[in-house]
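Asker: Here is my input, please return the structure:
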Amino acid sequence: MKIRADKAYHSAEHRKWLRGRNLVPRIARPGIESGERLGRHQWKIERSIFWLFGYRHLTVRYERKGSHFLAYLGLAAALTCYKKLAKLTT
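Answerer: All right, here's what the predicted structure looks like:
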C-alpha cells in the first residue's frame, strides 16, 4: 500500500516507520520534487475526511472514550460507503 504525504513529512524517521509497517512512502522531497503530482491524490483523502466528519457526533465529539469515538467513526464510514453504493445501483 502506498502512503502519500507532503514535504512536511519528509524525514528518514517517517520513511523508516512506514517501511517497518510494509507501507510504500510517496513523500515529496523539498527542492527536488513538486508536491503538485502528489496533490492529485490529496483531494480524495480530504473529501473522505469531509464525508466522515459531516456526522455531528464525530464533529463535536460527544464521546469521552476513544473506543466509543472509533466505533462512531466506523459506523460513519459504513454509512458513507452504503450511501455511495446505493447511488451507483439506482
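
Asker: If we go by neighbour counts, what in the lengthiest helix in the chain is buried?
Answerer: Identified as the longest helix of the chain according to DSSP state H is helix 66-89. For helix 66-89, the neighbour count (16 or more other C-beta atoms under 10 Å) marks Tyr72, Ala76 as buried. Every residue, glycine included, has its C-beta placed from N, CA and C.

Asker: And stretch 8-16, by the same measure?
Answerer: Residues His10, Arg15 are the ones in stretch 8-16 that count as buried (16+ other C-beta under 10 Å).

Asker: Just the residues contacting that stretch, thanks.
Answerer: Outside stretch 8-16, the residues that touch it by C-beta atoms under 8 Å, 6 or more residues apart in numbering are Ala5, Pro25, Ile27, Ala28, Arg29, Pro30.

Asker: Show me the residues you listed that map onto helices.
Answerer: Those of the contacts of stretch 8-16 lying in helices (DSSP H): none at all.

Asker: residue contacts, Lys44?
Answerer: With C-beta under 8 Å, 6+ apart, Lys44 has no contacts at all.

Asker: Can you give me the first-to-last residue distance of stretch 53-63?
Answerer: With C-alpha to C-alpha, to the nearest Å applied, stretch 53-63 spans 14 Å between its terminal residues.

Asker: List the buried residues of it.
Answerer: Neighbour-count burial for stretch 53-63 flags Leu58 (criterion: 16+ other C-beta under 10 Å).

Asker: Who are the packing partners of the longest helix of the chain?
Answerer: helix 36-52, helix 56-60 (3 or more C-beta pairs under 8 Å, 6 or more residues apart in numbering; DSSP states H and E).

Asker: Pull the most distant pair out of the contacts of stretch 8-16.
Answerer: Pro25 and Pro30 (14.6 Å; C-beta to C-beta).
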